[in-house]
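Enquirer: Everything below, folded, please.
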Amino acid sequence: MQVSIRKMGNSHGILIPKPILLETGLTDVAELVLNKGVIEIRPIKTHPRAGWAEDAQRITAQADDALVWPALANEGDEALQW
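Expert: Numbers count the residues shown, from 1 in each chain. The predicted structure is shown next:
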C-alpha cells in the first residue's frame, strides 16, 4: 500500500488506515523502530501479568475471592499430616 508522507508541524507523518490499525492492535501508543533502513511500527508489549496485583487487591477488598469450583479432595486426605 502506498501512502503519502504529510507535513505535521515541524515533523512529517503518515495516516494509517483503520483496517490496518484494527489488524495490528495499535491504539494510542506504538513503538517506532528503525531496522536496517526500514521504519517499523509495533504495538507496545506489556508484561503478561501487568495489573494482576491491583486486581487481586480489588477482588480481596470486594470479598469476591471464593473458589469457583468446589474443593476437591481425595479419599483419606483428612488423615494426611502436613
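Enquirer: can you pull out the helices in the protein?
Expert: In the chain, the helices defined using DSSP state H lie at 18-24, 52-61.
Enquirer: and of those, who's closest to Val38?
Expert: helix 18-24 (15.8 Å; CB to CB). Bear in mind the C-beta positions are built from the backbone N, C-alpha and C, glycine included.
Enquirer: starting at the chain centroid, how far to that closest one?
Expert: 16 Å (CA atoms, centre = their mean, to the nearest Å).
Enquirer: Just the mean pLDDT for it, thanks.
Expert: Throughout helix 18-24, pLDDT has a mean value of 91.
Enquirer: For that helix, list the C-alpha coordinates in PDB.
Expert: The C-alpha coordinates for helix 18-24 follow below in PDB (Å, rounded to 0.1, in the frame of the first residue of the first chain):
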ATOM      1  CA  LYS A  18      -8.300   1.900  10.200                       C
ATOM      2  CA  PRO A  19      -8.300  -1.700   8.900                       C
ATOM      3  CA  ILE A  20      -4.500  -1.900   9.400                       C
ATOM      4  CA  LEU A  21      -4.800  -0.400  12.900                       C
ATOM      5  CA  LEU A  22      -7.500  -3.000  13.800                       C
ATOM      6  CA  GLU A  23      -5.500  -5.900  12.400                       C
ATOM      7  CA  THR A  24      -2.300  -4.900  14.300                       C
END
